[in-house]
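1. Got a sequence here, can you build the structure:
(one chain, ligands or ions: 2)
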Amino acid sequence: MSSANVRVPAKINLCLGVGPVRDDGYHPLATVYQAVDLHDEVRATSREDGEITVSVQSELDVRSEVAFVPEDDDNLAVRAARLLRDRTGVTLGADLAIRKVIPVAGGMAGGSADAAAALVACNEAWGTGLSRGALEQLAAQLGSDVPFLLHGGNAIGGGRGETISPVLARGAYQWVFAMAHEGLSTAAVYAEFDRLTAGTTVADPVVPDALLAALRAGDAEALGAALSNDLTEAALSLRPELEDTLSIGIEAGALGAILSGSGPTALFLAADEQHSLDIAFALSSASGCADVVQSRGPVHGARVI
Ligand SMILES: C[C@](O)(CO)[C@H](O)COP(=O)(O)OP(=O)(O)OC[C@H]1O[C@@H](n2ccc(N)nc2=O)[C@H](O)[C@@H]1O
Ligand SMILES: Nc1ncnc2c1ncn2[C@@H]1O[C@H](COP(=O)(O)OP(=O)(O)OP(=O)(O)O)[C@@H](O)[C@H]1O
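-> Ligands and ions are numbered 1, 2, ... in the order given. A predicted model of the protein is given here:
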């Protein structure tokens, strides 16, 4: 019986450009991902009988949220393990133990992170030996964000988010995340985007030049000013109180403030450690805020520890 433990980060979108809905229901994206220092862990222990099981242990303050993480075949980690098994013809099974820190349905790709981690953990525990490239191909079938969680660092996301290409970037950035009391469904936010843009011409998405220049220079102030998210209006339409959370961080002097992906987590860029503490303190009294986390990025993608 062999086992492997994998640590996987959350992601944020420094910009999220969303184009007109495609025939397959997905939206073309132009995004820059950054992996941040907020990690789940997935341990895979191989089983001779071919069964795949999952258990979830939550480190989150928002205990009730763990109720939304399925502990059956719907768990994205189980789907990842099954996909790897089907593609490699392995007959072994696995017990997957998830230690969950990334907020659930928070717009930080927590489920996708566990899927990426399960691919790496099972590939190790089963000795299937697939290359990173081969794992990335499987990852894209599991969800738009999954390939980036294997990759980590900073990267440009195209297609529906699953196409990853390198971006020139330097610098380490100090983030503050304001977690909301309740998650938001990604599909519901995209549907609200379609409702709000119905009858208008939605332009093809692009990554703003100012954001790329800020990353190239490692300039936190310029990066803060260039942060953008086309899903903001849709997420605020479903959760208007998030506007207050964003305002509190801006008043506390954040260099930039946006929602993370489809929300509802709000993210704030700080100039340094002390500034991050000040912003976190201001947010801790906000009524819409269930938890405040200080973090930094970029960090590595899914890795065996
Ligand atoms: C909001 C983001 O996190 C930004 O990176 C992603 O776009 C969402 O990525 P994800 O959770 O991995 O999304 P998926 O599991 O692939 O899709 C969930 C649902 O979101 C919607 N969806 C997702 C990605 C995309 N480019 N267009 C979409 O419209 C679709 O309704 C889809 O059924
Ligand atoms: N391992 C998992 N961890 C979290 N959620 C999972 C997992 N497996 C399946 N899910 C389901 O996926 C839903 C969305 O979870 P997730 O945390 O990935 O959302 P998200 O962070 O908003 O995603 P994204 O940023 O990719 O849009 C949850 O409500 C849950 O029902």
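2. Report the contact partners of the closest residue to residue 161 other than its chain neighbours.
-> Spatial nearest neighbour of residue 161, excluding adjacent residues (CB to CB, 6 or more residues apart in numbering): residue 144 at 3.4 Å. Using the backbone N, CA and C atoms, a C-beta is placed for each residue, glycine as well. By CB atoms under 8 Å, 6 or more residues apart in numbering, the residues touching residue 144 are 26, 29, 112, 157, 159, 160, 161, 162.
3. elements contacting the strand or helix carrying the third one?
-> Looking back up the chat, that one is residue 112. Here residue 112 sits within helix 110-125, counting by DSSP states H and E. In terms of contacts (3 or more CB pairs under 8 Å, 6 or more residues apart in numbering; DSSP states H and E), helix 110-125 is packed against strand 3-18, strand 29-47, helix 76-88, strand 93-100, helix 132-142, helix 146-151, strand 303-304.
4. same thing but at 10 Å, please
-> With contacts taken as 3 or more CB pairs under 10 Å, 6 or more residues apart in numbering; DSSP states H and E, helix 110-125 sits against strand 3-18, strand 29-47, strand 52-58, helix 76-88, strand 93-100, helix 132-142, helix 146-151, strand 303-304.
5. what's the most buried one of these?
-> helix 146-151 (a mean of 28; mean count of other CB atoms under 10 Å).
6. Figure out how far that one is from the centre of its chain.
-> Relative to its chain's centre, helix 146-151 lies at 9 Å (CA atoms, centre = their mean, to the nearest Å).
7. Is any residue of that helix near ligand 2?
-> No - Helix 146-151 stays clear of ligand 2 (CB under 6 Å from any ligand atom), getting no nearer than 8.6 Å.
8. Take the helices and strands packed on helix 110-125 and lay them out in a markdown table including mean pLDDT.
-> Formatted as a markdown table, the helices and strands packed on helix 110-125 follow (pLDDT from 0 to 100):
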| stretch | mean pLDDT |
| --- | --- |
| strand 3-18 | 98 |
| strand 29-47 | 98 |
| strand 52-58 | 94 |
| helix 76-88 | 97 |
| strand 93-100 | 97 |
| helix 132-142 | 97 |
| helix 146-151 | 98 |
| strand 303-304 | 98 |
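9. which one is the residue of the stretch 51-200 of the chain found nearest ligand 2 nearest to, not counting chain neighbours?
-> Nearest residue of the stretch 51-200 of the chain to ligand 2: residue 111, at 2.7 Å (CB to the nearest ligand atom). Distances taken as CB to CB, 6+ apart put residue 76 closest to residue 111, at 4.4 Å, once the chain neighbours are dropped.
10. pretty sure the residue nearest to residue 161 belongs to a helix, no?
-> No - judged by DSSP: H, G, I helix; E, B strand; the rest coil, residue 144 forms no part of a helix; its state is coil.
11. what about it, distance to residue 299?
-> Residue 144 is 20 Å from residue 299, where distance means CB to CB, to the nearest Å.
12. now swap in residue 265 and tell me
-> On the measure of CB to CB, residue 265 and residue 299 end up 17 Å apart.
13. Looking at those two, which has the bigger crowd around it?
-> The neighbour count for residue 265 versus residue 299, taken as other CB atoms under 10 Å, is higher for residue 265 (29 against 19).
14. Surely residue 28 touches residue 16?
-> No - counting by CB atoms under 10 Å, residue 28 does not reach residue 16; the two are 11.7 Å apart.
15. With just CA atoms, put stretch 296-305 into CSV.
-> C-alpha atoms of stretch 296-305 as CSV (Å, rounded to 0.1, in the frame of the first residue of the first chain):
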residue,chain,number,x,y,z
ARG,A,296,1.0,36.1,-0.5
GLY,A,297,1.7,35.1,-4.0
PRO,A,298,2.9,33.7,-6.3
VAL,A,299,3.5,30.2,-5.0
HIS,A,300,4.1,26.8,-6.6
GLY,A,301,1.3,24.6,-8.1
ALA,A,302,0.3,21.1,-6.8
ARG,A,303,3.4,19.3,-5.4
VAL,A,304,4.1,16.2,-3.5
ILE,A,305,5.3,17.0,0.1
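16. how far does it sit from the chain's center?
-> 12 Å.
17. quick one: it near ligand 2?
-> No - shown here: stretch 296-305 not in contact with ligand 2 (CB under 6 Å from any ligand atom), separated by at least 13.1 Å.
18. Sort out which residues of that stretch are buried, please.
-> 296, 297, 298, 299, 301, 302, 303 (16 or more other CB atoms under 10 Å).
19. now for the residues you listed, which pair is the farthest apart?
-> The most widely separated members of those are 296 and 302, with 18.1 Å between them, by CB to CB.
20. ok, back up a step: okay, the helices and strands packed on helix 110-125 in JSON lines with distance to residue 285 next?
-> Listed next are the helices and strands packed on helix 110-125 as JSON lines, based on distance: least, CB to CB, whole Å:
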{"stretch": "strand 3-18", "distance to residue 285": "23"}
{"stretch": "strand 29-47", "distance to residue 285": "22"}
{"stretch": "strand 52-58", "distance to residue 285": "24"}
{"stretch": "helix 76-88", "distance to residue 285": "34"}
{"stretch": "strand 93-100", "distance to residue 285": "26"}
{"stretch": "helix 132-142", "distance to residue 285": "39"}
{"stretch": "helix 146-151", "distance to residue 285": "32"}
{"stretch": "strand 303-304", "distance to residue 285": "36"}
